[in-house]
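J.: With the sequence up front, the predicted model follows.
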2 protein chains.
Amino acid sequence: MAGPQLHIFDPITDDEIKTTTSLLKDLGGDAKLHFIQVDRLDPPKKQAIEYLNIERYGGSKLPYIPRRTYAYYYKNNKMPLYKAIVNVSENHIICNQATPEGTVGPLLPDDMLDIENVILEHPVIKAEIAKLQLDKVFYNHKTLGKLNYVVVCEPWMYGTDSPNEKIPLIQAYMYMKLDHPEANHYSIPLKFSPVFEYLSHKFVRIDYLPSGPDEVVIKDTLPYKPLKSVEYHPNVVEDYKPREGLKPLIVSQPDGASFNIDGNKITWQDWEFRISTNVREGFALYDVFFKGRSLFYRVALNEMTVPYADGRAPFHRKQAFDLGDCGFGNTANSLALGCHCLGVIKYLDTRRVDREGNPVLIPSTICMHEQDYGILFLHQNYRTGSTVTTRRREFVIQTIATVANYEYIVNLVFDQVGAITVQVRATGILSTMPNDENNVTNFGTIVGPGVTAAFHQHLLSFRFDTRLDGDKNTVVYDDYVPMEENTPMNPYNVGYEAKRTFVEKSGYVDQSPFTNRTVKVINESSINPTTLKPVAYKFEMPARQMILASPNSYNVKRAHYGTKQFWVSKYQDDQLYAAGEFTNQSQTDTGLSKWCDGSDSVRNTDTVVWCTLALTHPPSTEQFPLMASDFLQFLVTPASFFDKNPALDIPLANNEFNKSVYYEDAKAAAAAKKSGSCCKTNL
Amino acid sequence: MAGPQLHIFDPITDDEIKTTTSLLKDLGGDAKLHFIQVDRLDPPKKQAIEYLNIERYGGSKLPYIPRRTYAYYYKNNKMPLYKAIVNVSENHIICNQATPEGTVGPLLPDDMLDIENVILEHPVIKAEIAKLQLDKVFYNHKTLGKLNYVVVCEPWMYGTDSPNEKIPLIQAYMYMKLDHPEANHYSIPLKFSPVFEYLSHKFVRIDYLPSGPDEVVIKDTLPYKPLKSVEYHPNVVEDYKPREGLKPLIVSQPDGASFNIDGNKITWQDWEFRISTNVREGFALYDVFFKGRSLFYRVALNEMTVPYADGRAPFHRKQAFDLGDCGFGNTANSLALGCHCLGVIKYLDTRRVDREGNPVLIPSTICMHEQDYGILFLHQNYRTGSTVTTRRREFVIQTIATVANYEYIVNLVFDQVGAITVQVRATGILSTMPNDENNVTNFGTIVGPGVTAAFHQHLLSFRFDTRLDGDKNTVVYDDYVPMEENTPMNPYNVGYEAKRTFVEKSGYVDQSPFTNRTVKVINESSINPTTLKPVAYKFEMPARQMILASPNSYNVKRAHYGTKQFWVSKYQDDQLYAAGEFTNQSQTDTGLSKWCDGSDSVRNTDTVVWCTLALTHPPSTEQFPLMASDFLQFLVTPASFFDKNPALDIPLANNEFNKSVYYEDAKAAAAAKKSGSCCKTNL
């Protein structure tokens, strides 16, 4: 049983999962429940703030707030989808009801693995595969010898294109690969795409894929003519030889890490916050303070959609909502020492539910560590030659989600001066399509024989529930514009100044890079004693192309948040996800388009900001068969929040601490080591 | 004597400096020469390419190319400025002539130090300082006891505002500080600004500085009323106590570095290039190859201008050209182990000339090292659980220039997949102005009592002399635009595609972030066998506000390059600097505005691209008294240049190589170490 020893923000426990599903199974009686997602629900914010204030400042006894969970499930593998909320501290169901008609729940990893097999074993699909005549082809691999080809099924969420699709569907993309567990099937896409029902496993139809210069498809499958696959795995790459010359670079922390972990509370270099893993977002931070001052109530990546550029049917249905449809916790990698980060590493786990309602542990989904990233600040007094130098130490929280082909590495990077860099690295394997020989298009890049990777976009939404110096915040933006010319203030026409605009109503801020528009969250009641202006944090986002699909497309109706970079809403409990709670096969966005419609005043109130980090990604050959990380990032940083540089007390850099060595000395030492000499050389 | 043992791109030697100045002094006879700058001149490119091709591919004997230098100097401390070119391999002057009337040479560090003293000792200035009545004020420092105040003079290049200023001038900004060598004078700006002649040291006038809400100045200096200064140096900060809790993070490379240095030739992880330090640019790279294929003939930061937002006279004259007016080599810091980079470090030196023509060594102006920066690429096969992970190793070339108050940290970061990240960190101390109590403006930020930091811009120009797969390159840009709607190719209106535009004539490319405009250099004769399109490198620059001053201002006339982000010119020898060769007190740009005027065809020819990296910088209080680095960066990366990921052979990450440890284990070990125990604890 979950007891009072848990913090209100601690992640869900195995017991809480079991309590939730047991109560619902008991209630369901004979019905077979098919669980899709169970996780902790945040407490109502009003209660939580009271709790946090007492926890931090004392004054009275901590209030009792029961822990709550939510559960999504189907009964007897049929629609509708049910949603329940459970008080797991007191063992009772708070509410439990069917969601509106046509609401489709997120996908469960177990179900996806099952459906792969269902599809591959279905007689219609087997018949289609038989037409490939794979028994007649093989590949003479230079290292592995004769290899057959096998077919792979990759089930996808079904991007809606009709208001009539009211049951959960799966579209599968089919591939072939060399018959080796690590062979790269994305290199050999096939031209047929089965559609199945998610719950009943019923066959619906086969779609055929265009692969030429136009939209025409051949509604049949022809015998496979082998093309050379492009492989990445060392066990499958022909004549693989790891490169030489990369010498070890070891990060050692002989006195241990500089951060401290107490349960799920992290402290590091003036930062304090709580972290809670969850299945949908991967993780969320709560109660974020720096130097004893409140910054954010909650911070998390809350959604990502990936629409593709190839408009031809059925490719238009490739629009994943990787958090809402799958979950970055559900798809999180188990991270390992020496692979995913260096130095002294703290790992955290995630817990999800399985279909039957049992807890499943996904170990080590989060790693936390420190890194050095060059110089933090430096000044040389040229009159004395004296230099003040500090190194930039960073604290990194990392999680990595594998959503079928793609990987997303999410890093929150904290520095010592109060800034958070939100950094996402896109890596993994491009989503590919079959391509006829010599077929060059302007919406895809040929990445290998018979295979092309369509252009696509990544649109990630990060939600910051702001709490700068208190519960009432305001969003403003500053534009930098030339001063009036030929005036006493600007006689030589070089002057410019900032013009401030207040965001009064829930809505969005348009991008304006050419006025250096800078969006800030301020607290109008907290005046910086130095600047005499309200304290602020700014959101430095790169100017980016937003979602390219037409406003009348399902892509945009479902992911309206992708049309703007910066949104402002007034806080309401349970408004956490930019495209709404249920995104899988959604017809329309039930998130920001509703909450940012201009009807709420957002000035000097409980304000939430939503940052859409967008990337238009036309693949290059260098990104296949495995792409080196593409970086997307933005910076959340104090903008006259503190009265001066808050990190002047960082000890100055020195080599007694950092122990660097000269190249020449290292070369001599390495040579000596190699020659087996135990004495210092005379080199 | 410089002999044939030197490579054509090796930096200037002491002997070459001496040869140059001796020849000119001999020629000058009785005249006293005042040297300003002497450095190596690149060979004519045609000859250099012939040399490089033979050096790399053999075929015949390396051609003999004499090494050349240039020298700027004044005779008898009078205008005009002379420029000479000297053949230092054969000891003769190639040409030597007066520059056009009014041409002012760059500033020499020695001269600037001298002029500080000249100004402080001048009777008029001493009289002005006397009015401060500094003998009547002092500060009771908590740590240092009673401290007097002293006056500091900071000479600046004189930003032109008149076509009549035809002799070199210095404008000085005056400050006060506590009487301690490391006290922060930028915290106490004074309200008078002397102007002196640079060569004759003659007093010209005193300008008075506005410090209130308008342009009005008080043409007098009043007794100083002490205000609390904002200090940064540990020896001056009151009650300074370095923070505890930051544990060592040591980068050790037990087998040495992975890079190799042979003279000035660097090889690392498939990269090869030569580096040459110089006084103007800091350093330049030459003959840059990756994986045996040519990318660039020459790469360097070539200029930076910093115009300020405060339009009031005389602040309009604050427009530094930090490379053209001073030189990033001249102002380079001497870097030290354990401070400026970690691990195994290779340093390089710079050589400059002094006034008399002698060589001066500036040691360790460049450091080169490797760093780890997280994950390079990763994919988890969710069917087998097998993960392929490689770490991103970077090779970093770093130089740091101190231009009076400001520091610029220039990093060129090379990765293992053929990309160069150009990263500049702005740090140091903000340029400040006196400010009346409670005077809040929209063009400056109050950063302390009586002191404000004006908004300003940094506009850096990076020049890439491209040589992708050969000597003929073309610049194109791709825009990403929606496909026509409701067509067979785009029935659901989600499709989009790339539209390519060729740059035919010398000129610029406008920014267009909302079409994700991507500028690429391509080789039209080198077709990627996979994509069937010309090979390309792309320049991924953040969309940025360019120079804000009016087109009719001197700021813009002098720094026309700052009006656009991306310029394209046809290669000509000696066209190296975006704002022209002579920027100090220039009236007009003699660089890109001339070379990119549309008169040259730049298609499929010897093409040079110029990237203006811009930052509009409204200071924040966190950036005073010392600012944590602001990052400016862009990426130069292959865009279907190679046929696939060129780094698939990087050994997979593993902990035998990387030696990371669990937080819990490290904590136990640190505790054991602290307790002096020599046994493993049972924790």
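T.: Sure thing, it's come through.
J.: Domains in chain A, by residue range?
T.: Described in terms of automatic domain parsing, the domain architecture of chain A consists of the residue ranges A:14-98, A:109-208, A:263-429+A:456-617+A:626-638.
J.: Dump those domains into CSV; add distance to chain B as well.
T.: In this view, the C-beta of every residue, glycine as well, is placed from N, C-alpha and C. Converted to CSV, the domains of chain A look like this (distance: least, Cβ to the nearest Cβ, whole Å):
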stretch, distance to chain B
domain A:14-98, 18
domain A:109-208, 5
domain A:263-429+A:456-617+A:626-638, 2
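J.: looking at these, which is buried most?
T.: The highest mean neighbour count among those, using mean count of other Cβ atoms under 10 Å in any protein chain shown, belongs to domain A:263-429+A:456-617+A:626-638: a mean of 22.
J.: ends of that one, how far apart?
T.: End-to-end distance of domain A:263-429+A:456-617+A:626-638: 28 Å, with Cα to Cα, to the nearest Å as the criterion.
J.: Equivalent analysis for stretch A:347-362, please.
T.: Using Cα to Cα, the gap from the first to the last residue of stretch A:347-362 comes to 11 Å.
J.: Give me the mean pLDDT for that stretch.
T.: Regarding stretch A:347-362, the rounded mean pLDDT is 98.
J.: What of stretch A:632-650?
T.: Stretch A:632-650 comes out with an average pLDDT of 97.
J.: neighbouring contacts of stretch A:268-275?
T.: With contacts defined as Cβ atoms under 8 Å, 6 or more residues apart in numbering or on different chains, stretch A:268-275 is touched by A:7, A:9-10, A:258-260, A:264-266, A:283-292, A:348, A:366, A:370, A:393, A:395, A:397, A:414, A:416, A:418, A:646, B:243, B:245-246.
J.: Try it again at 7 Å.
T.: Residues from elsewhere that reach stretch A:268-275, judged by Cβ atoms under 7 Å, 6 or more residues apart in numbering or on different chains: A:7, A:9, A:258-259, A:264-266, A:283, A:285-291, A:348, A:393, A:395, A:397, A:414, A:416, B:246.
J.: if I read this right, A:D589 contacts A:G562, doesn't it?
T.: No. Using Cβ atoms under 7 Å, A:D589 is not in contact with A:G562; the gap is 9.2 Å.
J.: pLDDT at A:G3, what is it?
T.: Model confidence at A:G3, expressed as pLDDT, equals 45.
J.: Now the spatially closest residue to A:F289 that is not a sequence neighbour: which helix or strand?
T.: If you skip the residues right next to it in sequence, A:F289 has A:E272 as its closest partner in space, 4.5 Å away by Cβ to Cβ, 6 or more residues apart in numbering or on different chains. Secondary structure assigned from DSSP states H and E places A:E272 in strand A:271-278.
J.: can you check A:T19 too?
T.: helix A:14-28.
J.: Now tell me what touches that helix from outside.
T.: The set of residues that contact helix A:14-28 without belonging to it, under Cβ under 7 Å, 6+ apart, is A:1-2, A:33, A:35, A:38, A:40, A:67, A:69, A:71, A:73, A:75, A:84, A:86, A:88, A:91, A:93, A:96, A:351, A:353, A:357, A:359.
J.: quick one: it to chain centroid distance?
T.: For helix A:14-28, the distance from its own C-alpha centre to the chain's C-alpha centre is 29 Å (Cα atoms, centre = their mean, to the nearest Å).
J.: start to end distance for stretch A:503-523?
T.: End-to-end span of stretch A:503-523 (Cα to Cα): 13 Å.
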